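**Student:** I'd like to go over a predicted model; first the sequence, then the structure.
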Amino acid sequence: MPEVTGLSLARLQFAFTIMAHIVFPALSIGLASYLAVLEGMWLRTGRRDYLDLFRYWVKPFSLVFGMGVVSGVVMSYQFGTNWSAFADKAGPVIGPLMGYEVLSAFFLEAGFLGVMLFGMEKVGPKLHFAATCVVASGTLLSAFWILAVNSWMQTPAGFTVAPDGQLLPADWWAVIFNPSFFYRFPHMVLASYLSVAFVVGATAAWHLLRAHATPPVKTMFSMALWMAALAAPAQVVLGDLHGLNTLAHQPAKVAAMEGHFESRDGAPLVLFGWPSAARERMEYEVAVPNLSSLILTHAWNGHVRGLKEWAPADRPPVAIVFFAFRVMVGLGLAMVLLGLASLWLRWRGRLFDAPLLQLAALLMGPAGLVALLAGWVTTEVGRQPFTIYGILRTAESASPIGAPGVAVSLGAFVVVYLSVFGAGVFLLLRLLARPPAEGEGGHAAQPVRAAGITPGPAVAGE
C-alpha cells in the first residue's frame with residue numbers, strides 16, 4: 001500500500017477541489033453563450049419561445065456562476081498553503097496571468113451580471129442584450145487566461161531561469177501563446193459548449209418524455225441537438241490535432257494514453273486492456289493492428305515511442321491516463337452518434353416524435369461533463385511527474401507540510417463541498433425539473449415593441 005504523505009494528500013486535495021470546480025465554469029461558459037444566442041434570436045425574430053427559454057435558463061446560469069466563483073476561491077489559497085515552492089518559482093510567470101483574468105474577465109462578468117439578471121425591464125432590450133454579450137465574452141476571456149496559464153505549465157515557453165531557480169518571463173507573447181495554447185483553448189471552449197448542449201438536450205428530453213411538448217421545449221431540444229450534431233464532430237477533429245501537438249511536446253503522455261510500453265513501427269490501437277506498470281506491459285490486450293501509428297503519424301508503419309524510453313521516475317501513472325482517455329473518447333464518439341441520429345430524424349421530420357432519441361438524449365445528459373472531467377484527468381495526470389513539464393517536478397513544488405495538516409483541510413473541504421455544492425446541484429435539478437412555461441418572459445414583450453420588434457408566433461420549427 002502506498003505511503004500516505006503530505007505530498008500525496010496535497011495532490012488529492014487539489015484534484016478534488018479542481019474537479020469539483022471545473023464543472024461550474026464549464027457550464028457558465030456554455031450557458032452564457034447560449035443565453036446570448038437566445039436573446040439575440042428573440043430580438044431578431046420576435047419569437048416568444050426564445051424569450052421564454054432565456055428567462056428559464058438565466059436562473060440556472062446565475063446558480064452555476066455563483067457556485068463557480070465560490071469553488072474557485074480556494075484554488076488560489078492552495079498555492080500558498082500546499083504548493084508554496086511552486087508559487088515561489090513560477091509566480092513571476094503565472095501570477096500576472098491570473099491577475100489579468102481577475103482584472104479583465106471577472107470584472108466584465110461581475111460588472112454586467114446584475115444588468116443581465118435584473119435589468120431587462122429597466123435598460124431596454126438592446127442594452128440588455130449588450131450586457132448579456134459582455135457577460136458571455138467575459139466567460140470566454142476568463143477561459144482564455146486560465147488556459148494560457150495551464151497550457152504554459154504543459155508546454156512552457158518564453159521564460160528564463162534565474163540563478164536562484166526562479167522562472168522569470170522573457171517574452172510574454174511566447175508565454176501566453178505557447179505551443180499548446182491554440183489547441184487547448186478551443187478544445188476547452190468546445191467541451192463547455194457540448195457539456196451545456198447535452199444538459200439542455202437532456203432537460204428538453206425529460207419534458208418531452210413527460211408530454212410537455214410546448215414550443216419552448218421543442219425549440220430547446222432542437223437547438224441542443226443542432227449543437228451536438230455540429231460541435232461533436234468538430235471536437236473530434238480538434239482533439240486529433242491536439243493529440244498530435246501533445247505527441248510533439250509530451251510524447252510520454254501520449255504513450256500512456258495509448259498504453260504503449262514498447263516502441264515499435266506499426267503500433268496497434270489498444271481498444272481495451274490492463275496496463276501493468278510493474279510488469280511494463282499491456283495485459284488482456286484487445287487491439288487493432290497499425291491503427292495507432294496511422295492516427296499518430298499518419299503512416300501505416302509509423303514509429304511510435306513507448307514508455308520504456310523514459311525512466312520509471314519520469315513516466316506518468318499509466319493506468320489512470322489510459323482509462324481516462326478511453327472514457328473521454330468513448331463519450332465523444334457517443335455524442336457524435338447521437339448528433340448524427342438527430343440529423344437523420346430531423347430530415348425525416350420526426351425529431352419530436354422519437355422516444356428512443358429522447359431517452360438517449362436524457363441518458364447522455366451528463367456525458368459532456370464526464371468527458372470534460374476525463375479529459376482533464378488525462379491532461380493533468382499525464383503531465384506527471386511534473387507541475388511544469390520538463391522543468392519543475394511535483395515533488396519539488398509542494399510546501400513542507402506534514403500529512404496530518406493536509407488531511408485536516410482535505411476533510412474539511414470534502415464536508416463543505418459535498419454539503420454546499422450538493423445542495424446547489426439539488427436546487428439546480430429542481431429548477432430544471434420544471435418545464436419552461438409559455439409566457440415565461442412575463443411582461444418583457446413591451447420593451448420589444450418599444451424597440452420596433454413585433455413578437456411573432458411561438459412555433460418551434462425543426
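**Tutor:** That came through, no problem.
**Student:** Just the strands from this structure, written as ranges.
**Tutor:** Remark: strands assigned in the chain by DSSP state E are 159-161, 167-169, 264-265, 269-276, 281-288, 303-304, 386-388, 392-393.
**Student:** Nearest approach to G411 belongs to which of those strands?
**Tutor:** strand 386-388 (24.0 Å; C-beta to C-beta). The C-beta positions use only the backbone N, C-alpha and C, and glycine is treated the same way.
**Student:** So which elements touch that closest one?
**Tutor:** helix 84-100, helix 125-154, strand 392-393 (3 or more C-beta pairs under 8 Å, 6 or more residues apart in numbering; DSSP states H and E).
**Student:** got a list of contacts for stretch 59-73?
**Tutor:** Here stretch 59-73 makes contact (C-beta atoms under 8 Å, 6 or more residues apart in numbering) with 17, 20-21, 24-25, 27-28, 31-32, 35, 109, 113, 117, 417, 420-421, 424, 427-428, 431-432.
**Student:** Buried ones from those residues, can you make that a PyMOL selection?
**Tutor:** Entered in PyMOL, the line below selects the buried ones among these, by 16 or more other C-beta atoms under 10 Å:
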select buried, resi 17+20+21+24+25+27+28+31+32+35+109+113+117+417+421+424+428+432
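**Student:** The contacts of stretch 59-73 in helices, which ones?
**Tutor:** If you go by DSSP state H, the contacts of stretch 59-73 have 17, 20-21, 24-25, 27-28, 31-32, 35, 109, 113, 117, 417, 420-421, 424, 427-428, 431-432 in helices.
**Student:** who's in contact with the closest residue to A398 other than its chain neighbours?
**Tutor:** Leaving out its chain neighbours, the residue that sits closest to A398 by C-beta to C-beta, 6 or more residues apart in numbering is L7, at 4.8 Å. With contact set as C-beta under 8 Å, 6+ apart, L7 has these partners: T394, A395, A398.
**Student:** Who wins on neighbours among these?
**Tutor:** Highest neighbour count within the contacts of L7: A398, with 22 neighbours (other C-beta atoms under 10 Å).
**Student:** Which per-residue confidence value corresponds to that residue?
**Tutor:** We note a pLDDT of 87 for A398 in this prediction.
**Student:** Cross-check the contact I'm expecting between it and W83.
**Tutor:** Yes. Between A398 and W83 there is a contact at 6.1 Å, judged by C-beta atoms under 8 Å.
**Student:** Identify the contacts common to the two.
**Tutor:** Common neighbours of A398 and W83, counting by C-beta under 8 Å, 6+ apart, are A10.
**Student:** follow-up on the earlier one: any idea how far the residue nearest to A398 is from F86?
**Tutor:** As defined by C-beta to C-beta, to the nearest Å, L7 lies at a distance of 12 Å from F86.
**Student:** joint contacts of those two?
**Tutor:** A398.
**Student:** Which residues are in contact with H187?
**Tutor:** H187 is in contact with Q235, L238, G239, H242, G375, counting by C-beta under 8 Å, 6+ apart.
**Student:** could you redo the last one with a cut-off of 7 Å?
**Tutor:** Shown in contact with H187 (C-beta atoms under 7 Å, 6 or more residues apart in numbering): L238, G239, H242.
**Student:** What's the separation between it and Y193?
**Tutor:** Going from H187 to Y193 by C-beta to C-beta gives 11 Å.
**Student:** E3 now?
**Tutor:** Distance, E3 to Y193, using C-beta to C-beta: 42 Å.
**Student:** the more surrounded of these two?
**Tutor:** Per other C-beta under 10 Å, whichever of E3 and Y193 has more neighbours is Y193, with 24 against 7.
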